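> Any chance you can model this:
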Amino acid sequence: MPTSRCSPSTTSAAAPPGVHCPWLNSSGRYSPAYHRLRLLGLDRYRALATDPVVAGWLRFDGALGWATPGETADRRAAFEHLQQVGYPAEWLGRAEAAARIPGVDVRAIPEDGALLTPGEGWVELRPLIGRLAAEVVAHGGRVVPGAGHCELEVAGRRVTGVRTGTGERLTVDVAVLATGAAVPGAVARLGGRLPDATSTGLLVRTAPVRTRLRAVLNTPRVSVRPAPGGALALDASWSEAEVVARGDGTYDVRRSTVEGLLREAAAVLEGGPALTAASWGAGPKPVPGDGEPVLGALDGVDGCVVAFTHSGATLALIAGGLLADEVVDGRSSTLLDPFRPGRFVRPAAPA
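Numbers count the residues shown, from 1 in each chain. Model prediction:
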């Protein structure tokens, strides 16, 4: 029987740096505009992946997913949808799936088969952010690490500066509000409104383990993503539901929850390896109220641009580039028009 260990019995934690290796994909039932933006985001990552330097933290080895027997019809419908929109997808039988995706336990795959999306991958965020920050500095920008909780300063209806958590004031012409789950609250303080469906996330990173797995696995009880150094990143909807948010902004994560994720991951891996938790963390998972990104200038407040989305990793390079063009060069992109904050503005009541 595979073993799993973690401590302490109860913990309150923020997600440690590098614990998350997000899945890069566009395999959901997205609106045409959102699907297109995600595809462009994937293209940006594939261009980056041609640099051999990033091979250790950016990979496109595909994703394999399956459902419980009672939900196979839904997974089949998802496969048919992907075929209709031209997204690379294959339905594989159990033996073929295990052969195409080394490291998965063939016994875990349903007899009805599994969905393979071969063009998807994962990225380790810490080295990606480091690379992007270095590019900012190389182009004359300034990076302020450890700035803490920042707030916009507004005079009239114009943003004039940013106050960092350390008390430093930065004078700005434009501020990009990209603070994850804190964005709706900041917009509310400016008199705006962004519907918010933010939930709680839990991410577990294992100690390095010997496994042939290189692809992303999305299974009924656990999602597994490879990580640099031989570790695995784990999460699941059931485990997130067991996290308790405290009133002071911290979270309680039970030892049994972490151990449960380790057991579920071991059960879908070839050989049932013994998994141990190297780190884990809980925190808010940003989700706009309608599920689609919020990107662009905030109506009614000059100099404020918003970037609020659940798919932060998949969209990072494309959304960041398009917003930078708008902020620096004033080049508005029609790609972002469906995602402007103004779509949430309530119409005026009739006179």
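
> which ones are touching Ser26?
Ser26 makes contact with 35, 38-39, 41-42, 87, 314 under the criterion C-beta atoms under 8 Å, 6 or more residues apart in numbering. All C-beta spots, glycine's among them, are computed from the backbone N, C-alpha and C.

> And for Ala78, the neighbour number?
18 (other C-beta atoms under 10 Å).

> any idea which of the contacts of Ser26 has the most stuff around it?
With neighbours taken as other C-beta under 10 Å, the top of these is Thr314, carrying 25 neighbours.

> SS state for it?
helix (DSSP: H, G, I helix; E, B strand; the rest coil).

> need the contacts of Ser26 in a markdown table with pLDDT and distance to Asp196, can you?
Formatted as a markdown table, those follow (pLDDT from 0 to 100; distance: C-beta to C-beta, whole Å):
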| residue | pLDDT | distance to Asp196 |
| --- | --- | --- |
| His35 | 98 | 23 |
| Arg38 | 98 | 21 |
| Leu39 | 98 | 26 |
| Gly41 | 98 | 22 |
| Leu42 | 98 | 26 |
| Tyr87 | 98 | 29 |
| Thr314 | 98 | 20 |
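
> Starting from Val258, give me the distance back to Asp252.
To Val258, Asp252 is 12 Å away according to C-beta to C-beta, to the nearest Å.

> ok, the contacts of Ser26 vs Gly165, which is closest?
The shortest distance between Gly165 and any of the contacts of Ser26, using C-beta to C-beta, involves Thr314 and amounts to 28.7 Å.

> I figured the closest one hits Arg38, correct?
Yes: A contact is recorded between Thr314 and Arg38 when judged using C-beta atoms under 8 Å, the distance being 5.5 Å.

> who touches both of the two?
Any residue near both Thr314 and Arg38 by C-beta under 8 Å, 6+ apart counts here, and that gives 25-26.

> that older thread, looking at Asp252 and Val258 now, which is surrounded by more residues?
Using other C-beta under 10 Å as the criterion, Asp252 and Val258 rank with Val258 on top: 23 against 15.

> Would you list the phi and psi of that one?
phi -60, psi -40 (degrees, to the nearest 10).

> In terms of pLDDT, where does it sit?
Model confidence at Val258, given as pLDDT, is 98.

> Quick check: closest non-adjacent residue to Asp137.
Actually, residue 137 is Val rather than Asp. Leaving aside its sequence neighbours, Val137 sits nearest to Val143 (C-beta to C-beta, 6 or more residues apart in numbering; 6.0 Å).

> Over to Arg210?
Residue nearest to Arg210 in three dimensions, not counting chain neighbours: Pro273, with 6.7 Å by C-beta to C-beta, 6+ apart.

> And for Val136?
For Val136, the spatially nearest residue (C-beta to C-beta, 6+ apart) is Val143, at 5.9 Å.

> contacting residues for the one you found?
Under the criterion of C-beta under 8 Å, 6+ apart, the contact list for Val143 reads 133, 136-137.

> cool, and Gly103?
With contact taken as C-beta under 8 Å, 6+ apart, Gly103 is in contact with 211-215, 269-270.

> If anything else comes up later, I'll come back, but that's it for now.
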